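> Sequence and computational prediction follow.
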Amino acid sequence: MTANTQGRAISPRQSSRLLKEIVAKIGEAVDSNMPLHQALVLFIVATANEDGIEMRDIARQSGLSTSSVSRNIAALGEWHRLQRPGLGLVETRTDLADRRRKPVHLTKKGEATMQSLNGLLSASVGRTMKEAT
């Protein structure tokens, strides 16, 4: 059993159903072929402050290698490494105070996508929590 926010437990079946629903919502809102590790990188960028987040910090938080993070940022960004358009959800910006620093930020499209996804996920989690009571 997994504890929910009110201290009540949800069953492994409910947890599995909720995770499956969340993955489906990400597919609907972003890309149905998005790998989970790419979604993880997107969520980490979305939770960063307005200064953005360094790729090495994304690697540390996600447990992915920096090369994997770099590939995922490219796919989530303007241009995929396989020479096709990316999703346009994130961008790197050069820090004018330290030009070696290129923190990652959500684009306007990324912000809108995350707001939409937040609403979808909140509804899914809310339903699961009601079922647990």
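That came in fine, so what should we check first?
> Okay, and the spatially most central residue of the chain sits in which element?
Centroid-nearest residue in the chain: F43, 2.3 Å away (criterion: C-alpha atoms, centre = their mean). Using DSSP states H and E, F43 maps to helix 36-46.
> and what of D51?
Residue-wise, D51 maps onto no helix or strand under DSSP H and E.
> residue contacts, the nearest residue to it once chain neighbours are set aside?
Residue nearest to D51 in three dimensions, not counting chain neighbours: P103, with 6.2 Å by C-beta to C-beta, 6 or more residues apart in numbering. For glycine as for every other residue, the C-beta is placed from the backbone atoms N, C-alpha and C. Contact analysis of P103 by C-beta atoms under 8 Å, 6 or more residues apart in numbering lists A48, D51, G52, I53, E54, T92, R93, D95.
> Filter the residues you listed down to the buried ones.
A48, G52, I53, E54, T92 (16 or more other C-beta atoms under 10 Å).
> Tell me the one among those residues nearest to I26.
Looking at the buried ones among the contacts of P103 and their distance to I26, the nearest is A48, at 18.3 Å (C-beta to C-beta).
> for the closest one, phi and psi?
phi -70, psi 160 (degrees, to the nearest 10).
> per-residue pLDDT, it?
A48 carries a pLDDT value of 94.
> Against L106, how distant is it?
8 Å (C-beta to C-beta, to the nearest Å).
> ok so, going back, so the residue nearest to the centre of the chain versus E111, what's the distance?
Distance from F43 to E111, by C-beta to C-beta: 13 Å.
> Quick one: the strands in the chain, in order.
For the chain, applying DSSP state E gives strands covering 2-3, 9-10, 79-80, 84-85, 90-92, 104-106.
> residues in contact with A46?
Contacts of A46 by C-beta under 8 Å, 6+ apart are L106, G110, M114.
> Turn those into CSV, including pLDDT.
Formatted as CSV, those follow (pLDDT from 0 to 100):
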residue, pLDDT
L106, 97
G110, 94
M114, 90
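> Which members of the residues you listed are classed as buried?
Using 16+ other C-beta under 10 Å, the buried ones in the contacts of A46 are L106, G110, M114.
> Tell me, how many residues neighbour G88?
G88: 15 surrounding residues under other C-beta atoms under 10 Å.
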